[in-house]
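Chemist: sequence isn't available, so here's the structure alone:
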């Protein structure tokens, strides 16, 4: 396929019907400081391997969409001096044409995963409708990608900086099922509770895999959000996160941040305000999602 490179290990797994889990690269290039970001990327890949699946970290390098990175490529993506662009669907043609590097968001990772034939994707949290979107119209491309791309996204809900209620309304409008894994409530990224219900609850990786197989075999196009709460013993105090989020949002408003600038700024400031507690939670929830995604992928290969 034009502009797409599938790593040999990933291609072999796909060709032999073995489970593969996609991972985004934005968490490496923009979500955490170096070298913790690279260590986290490697830990996510290892967590997937330990559950019996093959990891495929996705990025854009030298004008090619990469489904699966080598250790050197993963390290290179994580170094800040390489100035890796945050990459969504709209950015791909320019980066491919100019042979520029890109770290993929949820939307771009889903798109490339589907092209490669990967159906399961693990991330931290999806993007969504930003607070104040009635004035700014700031809505993540992740949501539209979920509406049209046949990839299941295992996540800890939507990022806590977003408007959770409007994000769920948008997903409902576009026919994207929101499945709670062992929960009736949609998680709020760093915390297990948001006050909003999921569409349905499933309690085992096999049930999730059966849900995905049923949806896609029935010809029902589009993705699925598999909402997997952060483990209870890793959850930060709700008030700690809420107060830090409000302070970071106010600072972003004062600086008039928009578009791609806002999410990395908010996550960085929340980390600083909480003394690193939010970063530790981010790593834990991402690992928890990677493990579940791998278990679902293993079961999905049997359907």
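Modeler: That came through, no problem. The model shown is predicted, which means the values in this text are computed figures rather than measured ones. Numbers count the residues shown, from 1 in each chain.
Chemist: and residue 147, how close does it get to residue 177?
Modeler: According to Cβ to Cβ, to the nearest Å, residue 147 stands 11 Å off from residue 177. (Glycine included, C-beta is placed from N, CA and C.)
Chemist: so which of the two has more stuff around it?
Modeler: residue 177 (20 against 16; other Cβ atoms under 10 Å).
Chemist: the stretch 101-250 of the chain: strands as residue ranges?
Modeler: For the stretch 101-250 of the chain, the strands identified by DSSP state E, counting those that start in this stretch occupy 102-104, 120-122, 152-155, 178-181, 200-202, 224-227, in order along the chain.
Chemist: where does the stretch 101-250 of the chain dip in pLDDT?
Modeler: Along the stretch 101-250 of the chain, segments meeting pLDDT under 70 are nowhere present.
Chemist: now the helices for it?
Modeler: When assigned using DSSP state H, counting those that start in this stretch, the helices of the stretch 101-250 of the chain occupy the ranges 106-116, 133-136, 141-148, 164-173, 205-217, 238-254.
Chemist: give the other helices and strands that the fifth one contacts.
Modeler: Right, helix 205-217. Judged by 3 or more Cβ pairs under 8 Å, 6 or more residues apart in numbering; DSSP states H and E, helix 205-217 is in contact with strand 178-181, strand 200-202, strand 224-227, helix 277-300.
Chemist: kindly recompute the last result at 6 Å.
Modeler: In terms of contacts (3 or more Cβ pairs under 6 Å, 6 or more residues apart in numbering; DSSP states H and E), helix 205-217 is packed against helix 277-300.
Chemist: ok, now the last one?
Modeler: Using 3+ Cβ pairs under 6 Å, 6+ apart as the contact test, the elements touching helix 238-254 are helix 262-273.
Chemist: contacts for the helix it packs on?
Modeler: Under the criterion Cβ atoms under 6 Å, 6 or more residues apart in numbering, residues 30, 161, 244, 247-248, 252, 257, 278-279 lie in contact with helix 262-273.
Chemist: now the residues you listed: which count as buried?
Modeler: A residue is treated as buried here by neighbour count (16 or more other Cβ atoms under 10 Å); on that basis the buried members of those are 30, 161, 244, 248, 252, 257, 278-279.
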